[in-house]
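A.B. asks: Give the three-dimensional model of this entry:
(one chain, ligands or ions: 1)
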Amino acid sequence: MDFDTELKQTVRRMYDAAARKSGGLLSRVPLNRGRELLAGLGYRPSEFEQLPKKVIEFAFPCSNPLPTIRKLHPESILDLGCGSGLDVGILAADRRRTIKMIIGVDFSRELLAVGRRLQAGPAAGRLQFLQADLTALPFSGTHFDCISLNGSFNVIYHKAEFLQHVAALLPPGGHLLINDLMLREDLPPGFTAELTNWTWNVAGALFPEALTSMAAKASLSLVHFYEHEQIPPVCRGEVLLWKKK
Ligand SMILES: C[S@@+](CC[C@H](N)C(=O)[O-])C[C@H]1O[C@@H](n2cnc3c(N)ncnc32)[C@H](O)[C@@H]1O
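C.D. replies: Numbers count the residues shown, from 1 in each chain. Sure, this is the predicted structure:
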């Protein structure tokens with residue numbers, strides 16, 4: 001089995017298992033999770049407290065993309081690696097917004113089953129979920145004003161190819177928003193050869209400059225790079241890209 005296939009299989013199993021176990025993926029790790037994690041990343045309790053408990057319990061965001069998404073006023077949003085549906089759930093429940101269609105995609109059947117609970121709530125109608133591999137999306141000919149990845153970009157092995165594929169789903173002027181760990185220092189030699197270092201988004205992290213130049217080859221220009229928090233040798237970062245008109 002090649003590295004890419006093995007990585008996908010491992011990541012999918014890891015998130016499926018996380019959603020099956022009460023306590024979740026981080027239960028044995030002394031890190032914030034659930035409400036504490038979300039509040040620490042700047043999600044507002046008033047917006048996430050309205051979601052089903054399990055959506056919060058099994059959310060694994062890298063940072064909070066919602067302020068940026070809201071500023072873009074998109075009518076259609078594609079959330080790639082939506083997990084239990086945290087971001088799509090909050091966006092779809094906000095009736096004041098211009099959003100008409102939100103699709104969340106993930107390959108974890110178990111996390112999607114949690115997310116689908118949102119379709120019984122105020123989000124119903126404009127929120128859909130799809131089980132698919134992000135590197136083989138079935139949307140040819142469809143465009144989304146905003147495509148967001150929150151914690152899923154770094155586990156994509158063939159990133160240049162992926163960016164080309166995703167850029168084709170944006171209309172001219174559309175935005176791609178990536179929230180993930182980004183490098184601030186070189187990783188130790190040999191680190192990226194270990195599969196387990198990839199599953200937690202570290203081995204697949206890029207320097208923001210490397211990501212920007214890879215994106216430029218897919219006709220995507222940098223709008224902004226924000227550094228949310230330093231966690232050497234990486235940071236929680238946000239890169240907003242724009243497809244040239
Ligand atoms: C760190 S979690 C973030 C989940 C969600 N965005 C959130 O904020 O809770 C990464 C998600 O990406 C999904 N994922 C990773 N690689 C994928 C792939 N190749 N195809 C589909 N989903 C993928 C995982 O199943 C997982 O749900």
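
A.B. asks: Mind checking what helix or strand follows the longest helix along the chain in sequence?
C.D. replies: Longest among the helix segments of the chain by residue count, using DSSP state H, is helix 3-20. Going down the chain from helix 3-20, the next helix or strand is helix 34-40, by DSSP states H and E.

A.B. asks: What residues sit buried inside that next one?
C.D. replies: Arg35, Leu37, Leu38 (16 or more other C-beta atoms under 10 Å). Heads up, the C-betas are built off the backbone N, CA and C, glycines and all.

A.B. asks: For the most centrally placed residue in the chain, which non-adjacent residue is closest in space?
C.D. replies: The residue lying closest to the centre of the chain (C-alpha atoms, centre = their mean) is Asn150, at 2.3 Å. Distances taken as C-beta to C-beta, 6 or more residues apart in numbering put Asn179 closest to Asn150, at 4.6 Å, once the chain neighbours are dropped.

A.B. asks: Check the spacing between the one you found and Thr10 real quick.
C.D. replies: Asn179 sits 22 Å away from Thr10, going by C-beta to C-beta, to the nearest Å.

A.B. asks: again with Gly104
C.D. replies: 22 Å.

A.B. asks: the more surrounded of those two?
C.D. replies: Gly104 (29 against 15; other C-beta atoms under 10 Å).

A.B. asks: three-state assignment of that one?
C.D. replies: Put simply, Gly104 is strand when judged by DSSP: H, G, I helix; E, B strand; the rest coil.

A.B. asks: Confirm for me that it is in contact with Leu86.
C.D. replies: No - with contact defined as C-beta atoms under 8 Å, Gly104 and Leu86 do not form a contacting pair (9.5 Å).

A.B. asks: Can you give me every residue that contacts Arg70?
C.D. replies: Shown in contact with Arg70 (C-beta atoms under 8 Å, 6 or more residues apart in numbering): Arg97.
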